[in-house]
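Visitor: Got a predicted structure here, sequence first:
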Amino acid sequence: MKKVLILMVAVLGFAAAATAQPRAIGARVGYGGEFSYQHSFGSNFGELDLGWYAHNFDVVGIYDFVLAGSGLCNFYLGPGAYLGFYNGPHPEHHNGVNAGIAGQIGVEWNIPQVPLQISIDWRPVYLFAYDDVPFRYESFGLGIRYRF
């Protein structure tokens with residue numbers, strides 16, 4: 001009987017831990033690809049993305065506020081920072097480092113049967129030192145992350 005009770009407590013403990021996932025890691029795909037990490041801060045979360053595009057590498061940090069949600073489906077919005085490194089193949093393209101402010105708005109779905117999260121979002125960026133086009137709409141992104 002003790003073994004059954006211990007087994008039941010362990011299963012309930014693992015189930016509770018699986019439904020209260022404070023972190024997620026995966027990928028966000030849009031114009032390019034990004035490695036994505038999320039960490040929960042109460043009902044809100046921070047997101048750190050390392051991205052690569054044709055000749056660019058960037059780092060984006062966003063703090064997202066959950067506007068509405070049930071835990072299974074959440075709508076979020078947040079501000080953040082952008083740092084990009086460019087190495088264009090032609091002399092007329094920009095080379096160097098650029099910084100800016102970013103924003104993000106989106107929706108995410110948490111699949112309760114497996115620790116998987118799917119999100120769709122839009123991330124505009126305003127660059128401080130870009131000569132011709134300071135505002136970039138960036139892209140819509142599809143994120144797939146493993147929650148742990």
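Guide: Perfect, I can see it now.

Visitor: Please identify the pairing partners of the helix or strand harbouring V125 and their relative orientation?
Guide: Using DSSP states H and E, V125 sits in strand 116-127. On the basis of DSSP bridges, the sheet neighbours of strand 116-127 come out as strand 95-111 (antiparallel), strand 135-147 (antiparallel).

Visitor: Dump it to PDB, keeping only the CA atoms.
Guide: Below are the C-alpha coordinates for strand 116-127, written out as PDB (Å, rounded to 0.1, in the frame of the first residue of the first chain):
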ATOM      1  CA  LEU A 116       4.700  22.100 -26.500                       C
ATOM      2  CA  GLN A 117       3.900  25.700 -27.200                       C
ATOM      3  CA  ILE A 118       3.000  27.200 -30.600                       C
ATOM      4  CA  SER A 119       3.000  31.000 -31.100                       C
ATOM      5  CA  ILE A 120       2.300  33.500 -33.900                       C
ATOM      6  CA  ASP A 121       3.600  37.100 -33.400                       C
ATOM      7  CA  TRP A 122       4.600  40.300 -35.100                       C
ATOM      8  CA  ARG A 123       7.800  42.200 -34.100                       C
ATOM      9  CA  PRO A 124       8.400  45.700 -35.400                       C
ATOM     10  CA  VAL A 125      11.800  47.300 -34.800                       C
ATOM     11  CA  TYR A 126      13.000  51.000 -34.900                       C
ATOM     12  CA  LEU A 127      16.700  51.100 -35.600                       C
END
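
Visitor: Which neighbours in the sheet does the helix or strand encompassing F65 have, and how are they oriented?
Guide: Assigned by DSSP H and E, F65 belongs to strand 56-69. Using DSSP bridges, the strands paired with strand 56-69 in its sheet are strand 44-52 (antiparallel), strand 73-87 (antiparallel).
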